[in-house]
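Participant: what's the 3D shape of this:
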Amino acid sequence: MQDSNLVTFSLNNRNQRISLNRQMGKISLFILVPTVLFGAVILLYLLFANTILKNAAENGLGDSLGAEVNIDDLDHSLMPFGISIKRMQATDPSAPIRNKFEIASLAADVDLMPLLGGKVIVENLIVDDVAFGTTRQAPGEVYRKAEKPSNFAFPTLEDLPSVDEVLENTPLKTTAAISNAKTVYEKYEVPLKSRYEALPDEEKLNAYKAQVKALQDTDVKDPASLANALQSLKSLKENISADKDKISEFVALAQEAKHETADSVTTLKSAPQEDYNLLKGLVGGDQAAIDQVSQHLFGDKAELYVKALLAMTELAAGDDSQAVEKEEAIDDSGLPSLWIKNAKISVNWLDESIASEWKNITSQHSLIQSPTTFVVKSAKANNWKTIDINGTFEMTNSALTSTQSWNIAGLTMKDIALIPDNAAQKLTASINSGLLNSSGKLSINNNQLMGQSEFLLSKLAMQASGTNDLTTAIADIVKQQDAINLISDITGSVFNPSVSLSSDLDKQLLSALGDNIKNNPKLNELKQKLNAKANAQLGTSGDQLENINALLAAAEGDSNALSELLNAQLADPKQKAIDKLKDKLFN
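Facilitator: Take a look at the predicted model:
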């Protein structure tokens, strides 16, 4: 019996242990699965979070700038949340082998809670060593093509079209003036001729005079004779008045014809010279090359300089305006998509570091009620005396408004290629050494630029060479310059600025090379052919004008004669009798 109870107890104890083990196994599996999953998520985060953020940053910035953006390395921290970037390159859409800008390093403190809602609010941003126009290892991809600048090459006669080709393919004022003169001639030729032929001729005028004199000489002896004479004079004056009206109508038409013909002749005389001034650059080449040597030599460098001044402004304005408007319409958080409250940015230029301070960088200024402000100051560096740039900008209604000014003194220039040897130009030039002073102001209204600047180049040592007579002569004059004062006008849009330059250098070249322009055989041929086109019609229209003047003089003389006849009166019979009696008494 005891053995039987012992066996039963052992079996129950065994079953309890099995049940307990099963329950413990279920609890362990319930804890293990979430732990493994959580660990896997943490592992994936640690392995791939930086890569995901890096790709997102490259894609977002690339879409904003319209060209490929590359980031070498990106790291982030959670407590507090921040991002750091090493070497970021942004492709220049107009020159994919170069960077619009390159950043050595970047660090930002980002507010985490707004970030979860898709808002990038940066409390502090530090950007080191920003450089512009650096060369890439390979051309970057361009998403939105920039406008291509026009390529200028100093021409030679062999590069240029013939005079006949230019005259055939260019709308000319001379051609239009000839056509207009022909139209005027045809408009008045027949009407003037037909109306003049309908006017009273000399024989008829003499007949009118004779009839009036005969009536005036009639010896009126009684009232009946006087009444008959008065009626005859009245009828005669009606005929004279009708012919005078014809003359008046002709004179009005002739004066109108004289006015239009004179205008057409004046236009026709001036048109060949105006066309010559327009076309001589096309057929002569020299004028087109010389007129703006300053622009062709220094324009690219000046435009690069202005683009550097606009770089951060352009970056802030590069957001999709439609997306901004849509977000502002539906977002009630009151926060912009991107807001950099404070930033310190250093630019690497001429192996020098230039520090700048920025506040409130965003493209949605209406949400923060403040513009973006920036100040750049640097003094007593190795390569300049002073750099002072300051300004503000803000995006309103998806358009950029900005004002800025700058003053740069004593900037050292060394080994700057203006037109490099490999540019396929007929003139090459470079600045071996020199100093630059520049001051200017720039305003942006609805993304459109308007500004002026002065570039004073001093202590210049320039190198230049040409490959033909024209460019060799230009190069010799350029090499003699030790100071050049350039005046610039800045226009265009913030995305495609245009800088036009002028200086005394252009006038010097025009004066020195004036004979070369005047003696160009193509230009002489052009002037002769333009004058020949106009001369034939000038003869016809000129003859018509002379004829109109002669007809007007004759018609106005006839009109005056008829006016005198219309004023003629018959003598009073009583007065005539008295006059006869006086004569007899006197005798």
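Participant: mind listing the helices for the stretch 251-400 of the chain?
Facilitator: 286-290, 293-316, 321-330, 365-368 (DSSP state H, counting those that start in this stretch).
Participant: Would you single out the least confident of those?
Facilitator: Lowest mean pLDDT of these: helix 321-330, a mean of 42.
Participant: any weak-confidence spans in the stretch 1-150 of the chain?
Facilitator: 1-49, 146-150 (pLDDT under 70).
Participant: Just give the number of residues close to the nearest residue to residue 63 once chain neighbours are set aside.
Facilitator: The shortest distance from residue 63 to any non-neighbouring residue, by C-beta to C-beta, 6 or more residues apart in numbering, is to residue 143 (7.0 Å). Glycine gets a C-beta too; all of them are placed from N, C-alpha and C. Residues near residue 143, counting by other C-beta atoms under 10 Å, number 14.
Participant: Could you do residue 109 as well?
Facilitator: 17.
Participant: Look up the residues forming beta bridges with it.
Facilitator: residue 82, residue 124 (DSSP bridges).
Participant: Residue 124 is in contact with that one, correct?
Facilitator: Yes: Residue 109 lies in contact with residue 124 (C-beta atoms under 8 Å); the separation is 4.9 Å.
Participant: if I pick the most centrally placed residue in the chain, what's in contact with it?
Facilitator: In the chain, the residue lying closest to the centroid (C-alpha atoms, centre = their mean) is residue 492, at 5.5 Å. Residue 492 is in contact with 448-449, 498, counting by C-beta atoms under 8 Å, 6 or more residues apart in numbering.
Participant: Can you list the buried residues in the top strand by length along the chain?
Facilitator: Ordering each strand of the chain by length in residues (DSSP state E) puts strand 399-419 first. For strand 399-419, a neighbour-count test (16 or more other C-beta atoms under 10 Å) marks 400-402, 404, 406, 408-409, 411-413, 418-419 as buried.
Participant: repeat for stretch 487-499
Facilitator: Buried residues in stretch 487-499 (16+ other C-beta under 10 Å): 488, 490, 492-495, 497, 499.
Participant: For those residues, work out which two are farthest apart.
Facilitator: Maximum pairwise distance among the buried residues of stretch 487-499 (C-beta to C-beta): 18.8 Å, between 488 and 495.
Participant: What is the burial count for residue 456?
Facilitator: Neighbours around residue 456, by other C-beta under 10 Å: 14.
Participant: Look up how far residue 486 lies from it.
Facilitator: To residue 486, residue 456 is 8 Å away according to C-beta to C-beta, to the nearest Å.
Participant: Could you do residue 110 as well?
Facilitator: 44 Å.
Participant: more neighbours, these two?
Facilitator: residue 486 (23 against 20).
Participant: Per-residue pLDDT of the more buried one, please?
Facilitator: Reading off the confidence values, residue 486 has pLDDT 89.
Participant: Can you tell me who it pairs with across the strands?
Facilitator: For residue 486, the beta-bridge partners are residue 455 (DSSP bridges).
Participant: mind listing the helices for the stretch 401-550 of the chain?
Facilitator: 469-479, 504-512, 514-518, 521-566.
Participant: correction: the stretch 51-200 of the chain
Facilitator: Under DSSP H, counting those that start in this stretch, the stretch 51-200 of the chain gives helices at 112-116, 163-169, 173-197.
Participant: measure the residue nearest to residue 336 when sequence neighbours are not counted to residue 533 for me?
Facilitator: Excluding the flanking residues, the one nearest residue 336 by C-beta to C-beta, 6+ apart is residue 364, at 3.6 Å. Distance of residue 364 to residue 533, given as C-beta to C-beta: 61 Å.
Participant: now residue 390
Facilitator: In this view, residue 390 and residue 533 are 58 Å apart by C-beta to C-beta.
Participant: In terms of neighbours, single out the busier of these two.
Facilitator: A count of neighbours by other C-beta under 10 Å puts residue 533 above the other of residue 390 and residue 533, at 20 against 15.
Participant: wait, isn't the more buried one in contact with residue 276?
Facilitator: No: using C-beta under 8 Å, residue 533 is not in contact with residue 276; the gap is 11.4 Å.
Participant: Against residue 443, how distant is residue 75?
Facilitator: 40 Å.
Participant: Residue 498 now?
Facilitator: 15 Å.
Participant: before we move on, what about residue 130?
Facilitator: 24 Å.
Participant: Those two: who's more crowded?
Facilitator: residue 130 (22 against 15).
Participant: What is the burial count for residue 426?
Facilitator: 21.
Participant: Cross-check the contact I'm expecting between it and residue 465.
Facilitator: No: between residue 426 and residue 465 there is no contact, the gap being 9.8 Å when judged by C-beta under 8 Å.
Participant: Tabulate the buried residues of stretch 487-499 in JSON lines, adding columns for distance to residue 306.
Facilitator: Formatted as JSON lines, these follow (distance: C-beta to C-beta, whole Å):
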{"residue": "488", "distance to residue 306": "8"}
{"residue": "490", "distance to residue 306": "6"}
{"residue": "492", "distance to residue 306": "10"}
{"residue": "493", "distance to residue 306": "12"}
{"residue": "494", "distance to residue 306": "10"}
{"residue": "495", "distance to residue 306": "12"}
{"residue": "497", "distance to residue 306": "5"}
{"residue": "499", "distance to residue 306": "5"}
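Participant: how about the strands in the stretch 351-500 of the chain?
Facilitator: In the stretch 351-500 of the chain, the strands defined using DSSP state E, counting those that start in this stretch lie at 352-361, 372-379, 386-396, 399-419, 427-445, 448-466, 484-492, 497-502.
Participant: Out of those, the one nearest residue 53 is which?
Facilitator: Going by C-beta to C-beta, the one of the strands of the stretch 351-500 of the chain nearest residue 53 is strand 352-361, 20.1 Å.
Participant: residues making contact with that closest one?
Facilitator: By C-beta under 8 Å, 6+ apart, strand 352-361 touches 125, 129, 312, 316, 338-348, 368, 370-378, 381-384, 387, 389.
Participant: what mean pLDDT does that strand have?
Facilitator: Rounded mean pLDDT across strand 352-361 is 88.
Participant: Using PDB, write out every CA atom in it.
Facilitator: C-alpha atoms of strand 352-361 as PDB (Å, rounded to 0.1, in the frame of the first residue of the first chain):
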ATOM      1  CA  GLU A 352      42.000  83.000 -46.800                       C
ATOM      2  CA  SER A 353      39.000  82.300 -44.500                       C
ATOM      3  CA  ILE A 354      36.300  84.900 -44.400                       C
ATOM      4  CA  ALA A 355      33.800  84.600 -41.600                       C
ATOM      5  CA  SER A 356      30.100  85.600 -41.900                       C
ATOM      6  CA  GLU A 357      27.200  85.700 -39.500                       C
ATOM      7  CA  TRP A 358      23.600  85.000 -40.600                       C
ATOM      8  CA  LYS A 359      20.200  85.100 -38.800                       C
ATOM      9  CA  ASN A 360      16.800  83.700 -39.800                       C
ATOM     10  CA  ILE A 361      17.700  81.800 -43.000                       C
END
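Participant: Which parts of it count as buried, going by neighbours?
Facilitator: Buried residues in strand 352-361 (16+ other C-beta under 10 Å): 354, 356, 358, 360-361.
Participant: quick one: that strand to chain centroid distance?
Facilitator: Put simply, strand 352-361 sits 31 Å off its chain's centre (C-alpha atoms, centre = their mean, to the nearest Å).
Participant: cool, stretch 210-217 as well?
Facilitator: 78 Å.
Participant: same question, stretch 549-561
Facilitator: 55 Å.
Participant: which other residues reach that stretch?
Facilitator: Contacts to stretch 549-561, defined as C-beta under 8 Å, 6+ apart, come from residues 192, 196, 199-200, 205, 209, 244, 247-248, 250-251, 254-255, 258.
Participant: ok, back up a step: who does the longest strand of the chain pair with, and is each partner parallel or antiparallel?
Facilitator: Strand pairing (DSSP bridges) places strand 399-419 next to strand 386-396 (antiparallel), strand 427-445 (antiparallel).
Participant: what about dumping the CA coordinates of that strand to CSV?
Facilitator: Output of strand 399-419 as CSV, limited to C-alpha atoms (Å, rounded to 0.1, in the frame of the first residue of the first chain):
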residue,chain,number,x,y,z
ALA,A,399,9.5,86.0,-54.9
LEU,A,400,12.8,87.2,-53.5
THR,A,401,13.3,90.8,-52.3
SER,A,402,16.8,91.8,-51.1
THR,A,403,19.2,94.7,-50.7
GLN,A,404,22.9,94.5,-50.1
SER,A,405,26.1,96.5,-50.4
TRP,A,406,29.8,95.8,-50.4
ASN,A,407,33.1,97.5,-50.2
ILE,A,408,36.3,95.6,-51.0
ALA,A,409,39.7,97.3,-50.8
GLY,A,410,43.2,96.1,-51.7
LEU,A,411,42.3,92.7,-53.1
THR,A,412,45.4,91.0,-54.5
MET,A,413,45.0,89.5,-58.0
LYS,A,414,47.6,87.0,-59.2
ASP,A,415,47.7,84.7,-62.2
ILE,A,416,44.1,85.2,-63.3
ALA,A,417,43.2,83.9,-66.7
LEU,A,418,40.8,86.2,-68.4
ILE,A,419,40.7,84.4,-71.8
